[in-house]
Every structure is written in structure tokens, then in C-alpha cells.
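got a predicted structure plus its sequence, pasted below:
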Amino acid sequence: MSDFRQDFLKFALEQQVLKFGEFTTKAGRLSPYFFNAGLFNDGAGTLALAKFYAEAIIESKVAFDMLFGPAYKGIILAAATAMMLAEKGVNVPFAYNRKEAKDHGEGGVLVGAPLKGRVLIIDDVISAGTSVRESVRLIQGENAVPAGVVIALDRMEKGTGDLSAVQEVEQQYGLPVVAIANLNDLFTLLQNHSGFSAYLEPVRAYRARYGVA
């Protein structure tokens, strides 16, 4: 059976969303790889990405009633993932928010289905956790329950303390965070493909210095 995590990473490489080399992160760290989900920016790429999100959600077995996509990147991710879940027999509503409240028509900041029941947040990555915090506030403000967060890649590296951004979210909100792939999956990719062998030691060193369990 195909491993969707490895398939996702190979696809990200093909789309040049995942790159190897030397990159400076927002935290000022010199990273041997770079991942920018914003580069999934055409129809075919987004459709394939949504399929991976749907597979990760189904495998996680997280119980949920609907999807929520925080503005702006989460909007298309939630919509596309809802479509792919429907293709797999899981038809759920979705909603998203505006950055600014609309003062006419239906008004407010929420668009789409009413936030009800268990709401699964769909985003690209978790960095500072700001998007998750705002999403949780919106969901709870509608008397719904945050069910978890789904992201594309978990870098599994320390934030400001000993925990990663993902671990901080899990600890602070008690929410499961599901990633399509993580740093361990990336390491497996490098180990199993000779074409990437030059990047194996730099990624190993980076994980040893900044990684979390």
C-alpha cells in the first residue's frame, strides 16, 4: 500500500513547495529545507493537496462534524478538503472567516455553514499559533467545539521554549494536531532515496539541534 505521507512529500518536491538547500527561517535559524504551502497555487496542485488532507483526516479518526478554514490560506484548504472528503463518502459542511466584519448583507465575519458541533480547523502550518487561537475563539463564540487542527507539515522543532509550536497548541487547547507529514517523514524520504543523500546529514544535524520528540 502506498504511504500517503511519502507521496505527499514527493509531490511537494515536484511542485517546488519543498526545497533543499540553505534557508533562513523566521526564527533566524539556518534550515536545510524550506516548505511553502502557498506555492500550491493552481487547480491540479490544490486538488492533489486536498486529497492528502482528506487522507490524513480519515486516517487520524478524529471525530468532527464540519470544517473551518481561517482566512486566508485556510479558506481554499477547507473548501477543497470538504470536496475531497465528499468524494470519499464523508460529506460535511464547511465555513471560514473574513479578516474584517462585513457591515451589510448577512454581516459578521463568518461565511458558509453555521459553526455547530465539533469543528475541525484546516490550515497550512502552525508557526506562532495565532491562527489557531483566533479560530478557537470564533468557534467557541458560536457555542461550537474545536475538534482539532489539520496542517500540511509539522517541522517538529522547538519554538521559544522546549516545545514545538504544534506541541504548544496541543498543550494549551487540548486539541489533537494532525499533520499530513512531519520531519520524521522527511527524514525517511532522505534515507530511502539516494538522490537526496547530500541533504541527509544537514537535516539530521538540524533535527539534533532544534528538533523535539
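Perfect, I can see it now.

so who does the one residue sitting closest to the centre of the chain touch?
Geometric centre of the chain, nearest residue: Ile151, 1.3 Å, by Cα atoms, centre = their mean. By Cβ atoms under 8 Å, 6 or more residues apart in numbering, Ile151 lies in contact with Asp123, Asp124, Val125, Ile126, Val166, Val177, Val178, Ala179, Ile180. C-beta: built from backbone N, CA, C; applies to glycine.

where along this protein do the helices fall?
Along the chain, counting by DSSP state H, helices occupy 4-14, 43-60, 73-87, 130-141, 165-173, 183-192, 200-210.

just the CA coordinates of the shortest one, formatted as PDB?
In this case it means helix 165-173. The C-alpha trace of helix 165-173 is given here as PDB (Å, rounded to 0.1, in the frame of the first residue of the first chain):
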ATOM      1  CA  ALA A 165       4.500  25.200  18.000                       C
ATOM      2  CA  VAL A 166       2.400  22.100  17.400                       C
ATOM      3  CA  GLN A 167       3.000  20.800  20.900                       C
ATOM      4  CA  GLU A 168       2.200  24.200  22.400                       C
ATOM      5  CA  VAL A 169      -1.200  24.200  20.700                       C
ATOM      6  CA  GLU A 170      -1.900  20.600  21.800                       C
ATOM      7  CA  GLN A 171      -1.000  21.500  25.400                       C
ATOM      8  CA  GLN A 172      -2.700  24.900  25.500                       C
ATOM      9  CA  TYR A 173      -6.000  23.900  23.900                       C
END
